[in-house]
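[1] take this sequence and fold it.
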Amino acid sequence: MGESLTLEHKQFLLRLARKTIENYLKDGSTIKAPRADRILTEKRGAFVTVRVGGVLRGCIGYPLPHKPLVETIIDVAVMAVSQDYRFTPLDIEELARTEIEISVLSLPRPIQNVKEIEVGRHGIIVSKGYHKGLLLPQVPEEHGWDRETYLRHGCLKAGLDENEWKKGAHIEIFTADVFSEKSLSARNSPDGNS
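    Residues are numbered from 1 along each chain as shown. Have a look, this model is predicted:
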């Protein structure tokens, strides 16, 4: 689902996320979705990840496409710096040392066999009953996990026993277009993304 994002689209979304976070941290305001290319107004699931000095400080998103991508980025950028229960909210003094990463998701699909999961390519959603947990495709690579470790952590993220993936938990996979201020600035000339 959805067309591929160009380098310009990715830079636009990263600037939008940074501007959104900056406005929110300055005075608690949120910005209105700007006019954007058609591809950026398609409904897409997305996550915003925020790191300060290389340390994770927030990661929140919408796994399913229920809003235009530009609106999703605005919503989840604010939530990533203020509502991730694992971390204290970001403050304005940290903004200069903050790096933003965006993951734009494909639609999740159920799998029949865990061997379908390609570590580093697929994100996973593990669910059973009211429990549900999502891990982005870059997470197992960042931690050096194999498939089984990835599945165990997916279960733990869902609030389940780590071996629930062997006992009937529902597993879905998705792919993500992942890009960050750091990865894009390394690939091209400075664009003034702050």
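[2] only C-alpha atoms for contact and neighbour calcs from this point on.
    OK.
[3] show me where the chain dips below the pLDDT cut-off.
    By pLDDT under 70, the weakly predicted segments of the chain are 1-2, 186-194.
[4] can you name the farthest residue from the center of this protein?
    The outermost residue of the chain, judged against the average C-alpha position, is Lys167 (27.7 Å), by Cα atoms, centre = their mean.
[5] give me phi/psi at it?
    Main-chain dihedrals, Lys167, degrees, to the nearest 10: phi -120, psi 30.
[6] how much space separates it from Glu22?
    Distance of Lys167 to Glu22, given as Cα to Cα, to the nearest Å: 45 Å.
[7] Thr175 too?
    For Thr175, the distance to Glu22 (Cα to Cα) stands at 29 Å.
[8] other SSEs contacting the longest helix along the chain?
    For the chain, the longest helix by residue count, based on DSSP state H, is helix 7-27. Contacts defined by 3 or more Cα pairs under 8 Å, 6 or more residues apart in numbering; DSSP states H and E place helix 7-27 against helix 69-82, strand 98-105, helix 181-187.
[9] which one of these is the most hemmed in?
    For the helices and strands packed on helix 7-27, average neighbour numbers computed from mean count of other Cα atoms under 10 Å are highest in helix 69-82, which has a mean of 24.
[10] elements contacting it?
    Helix 69-82 sits against helix 7-27, strand 45-52, strand 55-62, with contacts defined as 3+ Cα pairs under 8 Å, 6+ apart.
[11] now stretch 86-93: buried residues?
    Using 16 or more other Cα atoms under 10 Å as the test for burial, stretch 86-93 gives 89-90.
[12] so for the chain, the centremost residue is which one?
    Centroid check for the chain by Cα atoms, centre = their mean gives Phe47 as the closest residue, at 2.5 Å.
[13] now do the contacts for the residue nearest to it when sequence neighbours are not counted.
    Using Cα to Cα, 6 or more residues apart in numbering and skipping residues adjacent in sequence, the residue nearest Phe47 is Gly61, 3.8 Å away. Residues near Gly61 by Cα atoms under 8 Å, 6 or more residues apart in numbering: 45-48, 72, 76, 80.
[14] now with 7 Å, please.
    Listed by Cα atoms under 7 Å, 6 or more residues apart in numbering, the contact set of Gly61 reads 46-48, 76.
[15] understood, closing this out.
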